[in-house]
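structure, please.
(2 chains)
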Amino acid sequence: MNALLPGQPTDESTNPMIASSEPPPAVEVLSAEKVFSNGTRGLAPISLNIAEGEFLTLIGPSGCGKSTLLKLIANLIEPSDGRLLWWRGDFTQVGREGRRFAFVFQEPTLMPWARVDANVRLPLELANVSAAAAAPVVADAIERVGLSAFARHFPRQLSGGMKMRVSIARALATNPNLLLMDEPFGALDEFTRNKLDADLVRLWWERKLTNVFVTHSIYEAVFLSTRIIVMAANPGRIFRTMTIDQPQPRDEGFRDSPKFAAYCRELSTWLAEASLPSATGATS
Amino acid sequence: MKPLLQSEAFVRIAAPLAVGVVLFALWETGCRLASVPVYLFPKPSDIFSSLIHNGPSLLRALMVTLRVTLQAFAAAVVLGTLIAFMFVQSRAIEVSLFPYAVLLQVTPVVAIAPLIIILVKNTQASLTICATLVALFPIISNTTLGLRSVDPGLANYFRMNRAGRLKTLVKLRIPGALPYFFGGLRISSGLALIGAVVAEFVAGTGGRSSGLAYEILDAGFTLDIPRMFAALFLITLTGVALFAAMVVLSRLALSNWHESEIGAQT
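Down below sits the predicted model:
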């Protein structure tokens, strides 16, 4: 129970046993490192187990490689050394039922010429799902993000927060098990962000998702996560890990609790420490 | 009175119309006061009466020119789009063929028209070929640009979802290219008309073709200056009508989402 005292830094790379008592891993990062073609060390060898049902957040100063790590997990880039396992297998079996993932970008990246429902249907169309089979799935995904009334709107008619909801609905339409999100709410105002965070936690809890989330916001990280990985730059590495053992699903009440404040204070101190050895890296 | 003047749509039509009326009035009174002879510079009323008087023959000529123009425009759209699709399939194809597209564009149609008219027996066909050559380039360059201007985030999304070449083309590249394509259509429609008229001029008064350019040439030989102006008026009218048609088409296709057309209907 290190709930109230989240101190105790855990170094994942020297403690691979940490996940053995937990649910089966969704993703295992096995001393994967990334050296970019210009010679920059984006990521020092990192080992990390992401358990099923976990809400893992990556946070750290710019250049700490959190986005790089997320891209490795999404198989958008290949590790220079080491490897990754998805549901204890290689990437070829990802995409089967129960082993799906979806990626939510920093930008909503919607098709401006398509209405909300057509945007949400896109991944299903790309997977050759028939329109009839897709319709209920799409309607459900749009309802889950609270946009049923806007299904026939065009993206330009929506606010920034609503566009991001559409982007999330599009991810949900593929019925993913693993949801990878790269600072999805970074461009939104705080009020909208808090609302979306609360909805995201609910979604994650209801759908029993595994989430890997990249953010710059301490409050967002504490509110959402079951585990936070603080990263440091030069080279990108895991600095410390914080477990947030709080009842689920969390609501706005958690934000006002003294525990929330304590976690934030602690995380803020860690981040300051992680940023200390002059971060000059140029990744993420 | 006030609300009508404040209406954007009304002002848009009324203002240029008023300018036109004033200009014609000035022209008419100027010619009358200076008593300019009709064979030098006709009054608008002369031109109008010529338009009525020569109506049937001018209308026949208009149909000939319009047919060449529309055929050439259609050919340019189909060919230009196909070439643009080819260009975006591979950089090598574009790099090796694009200079020739430019070559086609910079060679004046007046210079190649005689050659084409000699090579192609059928006058109608040779005129259409000339006009197509003129109208082709804007379609190629605009559509190619549009097909390439894909939102990188969306392109990434399609790649992540393992979308094939055809699906990426149909679902991402083509819709994204539409605004550029319609821009090309507007330019190309006018060029098709110019190409058709220029080619008719070059083909000359051989009697085989009898488009509006032939009417102008013929009127020139017989010093029937009002008929010359009447033919010119019809050419201009055709060009404006084509442009307006393209504007309407682009509005119908894009008004829902593209910045250039949003709010255009209000």
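
okay, CA-based contacts and neighbour counts for the rest of this
Noted.

distance of the residue with the largest distance to the centre of chain B from residue A:178?
In chain B, the residue that sits farthest from the middle, by CA atoms, centre = their mean, is residue B:160; the gap is 41.2 Å. As judged by CA to CA, to the nearest Å, residue B:160 and residue A:178 stand 15 Å apart.

ok, residue A:185 next?
For residue A:185, the distance to residue A:178 equals 18 Å [CA to CA].

hey, where'd the helices end up in chain A?
Secondary structure of chain A (DSSP state H): helices at A:66-73, A:116-126, A:131-144, A:160-173, A:190-206, A:218-224, A:252-256, A:258-275.

ok, which of the ones you listed comes nearest residue B:239?
helix A:116-126 (38.0 Å; CA to CA).

helices or strands next to the closest one in the packing?
With contacts taken as 3 or more CA pairs under 8 Å, 6 or more residues apart in numbering or on different chains; DSSP states H and E, helix A:116-126 sits against helix A:131-144, helix A:160-173.

could you dump the helices of chain A to JSON lines with mean pLDDT?
Formatted as JSON lines, the helices of chain A follow (pLDDT from 0 to 100):
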{"stretch": "helix A:66-73", "mean pLDDT": "90"}
{"stretch": "helix A:116-126", "mean pLDDT": "92"}
{"stretch": "helix A:131-144", "mean pLDDT": "91"}
{"stretch": "helix A:160-173", "mean pLDDT": "91"}
{"stretch": "helix A:190-206", "mean pLDDT": "89"}
{"stretch": "helix A:218-224", "mean pLDDT": "92"}
{"stretch": "helix A:252-256", "mean pLDDT": "87"}
{"stretch": "helix A:258-275", "mean pLDDT": "90"}
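
can you add mean neighbour count and give the ones you listed back as CSV?
CSV is the format used below for these (neighbours: other CA atoms under 10 Å in any protein chain shown):
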stretch, mean neighbour count
helix A:66-73, 22
helix A:116-126, 23
helix A:131-144, 17
helix A:160-173, 24
helix A:190-206, 16
helix A:218-224, 22
helix A:252-256, 13
helix A:258-275, 17
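
tell me which of the ones you listed lies nearest to residue A:29.
Ranking the helices of chain A by proximity to residue A:29 (CA to CA) places helix A:66-73 first, at 7.8 Å.

which strands or helices does that closest one pack on?
Looks like helix A:66-73 contacts strand A:41-51, strand A:178-182, strand A:210-214 (3+ CA pairs under 8 Å, 6+ apart).

closest one to residue B:150 among these?
Using CA to CA, those put strand A:178-182 closest to residue B:150, at 21.2 Å.

give me the residues contacting that closest one.
With contacts defined as CA atoms under 8 Å, 6 or more residues apart in numbering or on different chains, strand A:178-182 is touched by A:26, A:67, A:70, A:74, A:99-106, A:171, A:209-215.

just want the most central residue of the chain.
Picking chain A for this. residue A:213 (2.0 Å).

chain B was what I was after
residue B:190 (1.6 Å).

does that residue belong to a helix, a strand or coil?
At residue B:190 the chain is in helix, as set by DSSP: H, G, I helix; E, B strand; the rest coil.

now do residue A:247, the pLDDT please.
On pLDDT, residue A:247 comes in at 85.

distance of it from chain B?
35 Å (CA to the nearest CA, to the nearest Å).

how many other residues sit next to that residue?
9 (other CA atoms under 10 Å in any protein chain shown).

so which bits of stretch B:110-130 are buried?
B:113, B:114, B:116, B:117, B:123, B:124, B:125, B:126, B:127, B:128, B:129, B:130 (16 or more other CA atoms under 10 Å in any protein chain shown).

grab the nearest non-local neighbour of the residue farthest from the centre of chain B.
residue A:76 (7.6 Å; CA to CA, 6 or more residues apart in numbering or on different chains).

and chain A, which residues reach chain B?
Contact residues, chain A versus chain B (CA under 8 Å from any CA of the partner chain): A:76, A:107, A:109, A:110, A:111, A:112, A:113, A:123, A:126, A:127, A:154, A:156.

list buried residues within those residues.
The buried subset of the residues of chain A next to chain B - by 16+ other CA under 10 Å - is A:107, A:109, A:110, A:111, A:112, A:113, A:123, A:126, A:154, A:156.

phi, psi of the second one?
Put plainly, it is residue A:109. phi 40, psi 60 (degrees, to the nearest 10).

quick one: pLDDT of it?
Confidence score, pLDDT, at residue A:109: 91.

would you agree it is in contact with residue B:150?
No. Between residue A:109 and residue B:150 there is no contact under CA atoms under 8 Å: 11.3 Å.
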